[in-house]
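Colleague: return a 3D structure for these sequence lines:
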Amino acid sequence: MKTIKKGDQIQRIDDKTAEFMVNQGWEYCSKSEYKSKKPKVVKTKENVDEIEISPNLSEKKKRKLRKENKKMKYESK
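Modeller: Predicted structure coming up:
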């Protein structure tokens, strides 16, 4: 993977395509520049509702739901 830019556009693409695009007027740039321009994802803390576990589910599905509930609680902190 290579990082190339042209003006304000920055892209991460495979090596062969990058080589072709550099010949078309694009230029290589650092991956850190790409990361700094990439939009940030902001996580918000919200009260997470637990998924209700029904008694008529199989044990495997109950374990999966408990795990998802625990994960949602952890991520919301």
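Colleague: can you give the domain ranges for the protein?
Modeller: Split into domains by automatic domain parsing, the chain comes to 2-37, 43-77.
Colleague: any low-confidence regions in the protein?
Modeller: Applying pLDDT under 70 to the chain flags residues 41-53, 76-77.
Colleague: just the helices in it please.
Modeller: Along the chain, counting by DSSP state H, helices occupy 15-23, 31-37, 59-76.
Colleague: ok, which of these comes nearest residue 8?
Modeller: Closest of the helices of the chain to residue 8 is helix 31-37, at 8.2 Å (criterion: C-beta to C-beta). C-beta here means a position set from N, CA and C on the backbone, and glycine is covered the same way.
Colleague: if we can go back for a sec, packed most tightly, which of the domains of the chain would that be?
Modeller: Per residue and on average, the most neighbours among these fall to domain 2-37, with a mean of 13 (mean count of other C-beta atoms under 10 Å).
Colleague: quick one on the thing from earlier: distance to residue 5 for the helices of the chain - can I get that in TSV?
Modeller: Formatted as TSV, the helices of the chain follow (distance: least, C-beta to C-beta, whole Å):
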stretch	distance to residue 5
helix 15-23	10
helix 31-37	7
helix 59-76	34
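Colleague: between these, which gets nearest to residue 7?
Modeller: helix 31-37 (11.8 Å).
Colleague: quick one: that closest one to chain centroid distance?
Modeller: A distance of 15 Å separates the centroid of the chain from that of helix 31-37, by C-alpha atoms, centre = their mean, to the nearest Å.
Colleague: residue numbering should commence at 11 henceforth.
Modeller: Fine by me, first position is 11 from now on; the one you just mentioned is helix 41-47.
Colleague: for that helix, name the packing helices and strands.
Modeller: Counting contacts by 3 or more C-beta pairs under 8 Å, 6 or more residues apart in numbering; DSSP states H and E, helix 41-47 packs against strand 12-16, strand 19-23.
Colleague: alpha carbons of it, in PDB - could you do that?
Modeller: Below are the C-alpha coordinates for helix 41-47, written out as PDB (Å, rounded to 0.1, in the frame of the first residue of the first chain):
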ATOM      1  CA  LYS A  41       1.200   7.800   5.800                       C
ATOM      2  CA  SER A  42       1.100  10.200   8.800                       C
ATOM      3  CA  GLU A  43      -0.100  13.000   6.500                       C
ATOM      4  CA  TYR A  44      -2.900  10.700   5.400                       C
ATOM      5  CA  LYS A  45      -3.800   9.900   9.000                       C
ATOM      6  CA  SER A  46      -3.900  13.500  10.000                       C
ATOM      7  CA  LYS A  47      -6.300  14.400   7.100                       C
END
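Colleague: that's all I had, so thanks and see you.
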